[in-house]
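Participant: Model the structure of this input:
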Amino acid sequence: MLSSLVVCVYVGLFAYFVIRSELKHWLTGALVLAAGGSWLLSSLLPGFVYVHGSAFLNLAVLYITLSSLFFFVNHWHYHSATGVFYAEPGTPPYLVYLAVSGMMMHLAWLIPLLWSSYQYPEGLSSYALLGLLQLYFLQPMYWILAQWSLMAMFFVVQRWRKTPLTIVTMAQLQIAFLFGLLAVSAYVVHDLLRYVQ
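Facilitator: Numbering: from 1, shown residues only. All right, here's what the predicted structure looks like:
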């Protein structure tokens with residue numbers, strides 16, 4: 001229940017800021033991915049979407065992050081003289097941080113997933129794979145809270161430096177990746193400890 005509420009707040013904030021800033025291509029991309037994912041899931045597993053609708057809702061993070069590619073292509077720029085990335089003026093900082101933190105979290109999740117898949121079935125790779133897949137598909141609240149924490153760190157750093165909120169440095173991207181890797185690793189280790197006990 002609480003997990004579904006967190007996902008609904010996540011989706012609601014995304015929709016509010018996207019509609020307010022008129023980034024309709026991002027919203028359209030997310031809706032098309034959600035509809036396509038629902039259709040694909042219901043055709044592969046008939047009845048799954050109707051019985052396990054909350055599992056489908058858990059994938060909202062994936063749809064929003066993948067459709068943020070429209071944001072990166074159309075509204076994201078690199079200033080080579082200063083070495084910073086910035087969004088076009090008028091873009092809400094929430095959307096900037098949502099797109100950047102979403103990509104960094106997914107990258108931090110994908111690298112251990114690929115490594116565990118490469119190592120499978122040796123060592124603890126099967127348990128790590130289970131933990132990574134469980135984190136992504138069954139624990140959206142942990143993922144969203146980690147992403148919001150990362151977004152809050154972006155905001156605090158920009159306020160502290162007194163720089164525009166829509167600027168992200170390369171160092172911030174590296175720290176975001178490391179934070180995502182730490183969050184993913186902490187969940188997997190916690191999950192592994194449950195199997196050991």
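
Participant: now the helices for the protein?
Facilitator: Assigned by DSSP state H, the helices in the chain fall at 2-20, 24-44, 48-51, 53-57, 60-75, 93-119, 125-138, 140-161, 170-196.

Participant: any chance of those helices in a markdown table, plus distance to residue 83 and mean neighbour count?
Facilitator: From N, CA and C alone the C-beta is placed, and that goes for glycine too. As requested, the helices of the chain are exported to a markdown table (distance: least, C-beta to C-beta, whole Å; neighbours: other C-beta atoms under 10 Å):
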| stretch | distance to residue 83 | mean neighbour count |
| --- | --- | --- |
| helix 2-20 | 27 | 15 |
| helix 24-44 | 26 | 15 |
| helix 48-51 | 45 | 12 |
| helix 53-57 | 39 | 14 |
| helix 60-75 | 17 | 19 |
| helix 93-119 | 16 | 19 |
| helix 125-138 | 32 | 18 |
| helix 140-161 | 14 | 17 |
| helix 170-196 | 6 | 15 |
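
Participant: Minimum distance to residue 84: which of those has it?
Facilitator: When the helices of the chain are compared by C-beta to C-beta, helix 170-196 sits nearest residue 84, at 7.6 Å.

Participant: From the contact counts, what lies against that closest one?
Facilitator: Helix 170-196 sits against strand 84-87, helix 93-119, helix 125-138, helix 140-161, with contacts defined as 3 or more C-beta pairs under 8 Å, 6 or more residues apart in numbering; DSSP states H and E.

Participant: Find me the pLDDT at residue 80, would you?
Facilitator: We have a pLDDT of 88 for residue 80.

Participant: What count of nearby residues applies to it?
Facilitator: When neighbours are defined as other C-beta atoms under 10 Å, residue 80 has 6 of them.

Participant: What are the neighbouring residues in contact with it?
Facilitator: Residues counted as contacts of residue 80 (C-beta atoms under 8 Å, 6 or more residues apart in numbering): none.

Participant: re earlier: mean pLDDT for the helices and strands packed on helix 170-196: which is lowest?
Facilitator: Least confidently modelled of the helices and strands packed on helix 170-196 is helix 125-138, at a mean of 87 by mean pLDDT.

Participant: May I have that helix exported as PDB, CA atoms only?
Facilitator: Below are the C-alpha coordinates for helix 125-138, written out as PDB (Å, rounded to 0.1, in the frame of the first residue of the first chain):
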ATOM      1  CA  SER A 125      26.100 -14.300  -8.500                       C
ATOM      2  CA  SER A 126      22.800 -16.100  -8.500                       C
ATOM      3  CA  TYR A 127      21.900 -14.400  -5.200                       C
ATOM      4  CA  ALA A 128      23.100 -11.000  -6.500                       C
ATOM      5  CA  LEU A 129      21.000 -11.400  -9.600                       C
ATOM      6  CA  LEU A 130      17.900 -12.200  -7.500                       C
ATOM      7  CA  GLY A 131      18.600  -9.200  -5.300                       C
ATOM      8  CA  LEU A 132      19.100  -6.800  -8.300                       C
ATOM      9  CA  LEU A 133      15.900  -8.000 -10.000                       C
ATOM     10  CA  GLN A 134      14.000  -7.900  -6.800                       C
ATOM     11  CA  LEU A 135      15.100  -4.300  -6.100                       C
ATOM     12  CA  TYR A 136      14.100  -3.100  -9.600                       C
ATOM     13  CA  PHE A 137      10.800  -5.000 -10.000                       C
ATOM     14  CA  LEU A 138       9.500  -5.500  -6.500                       C
END
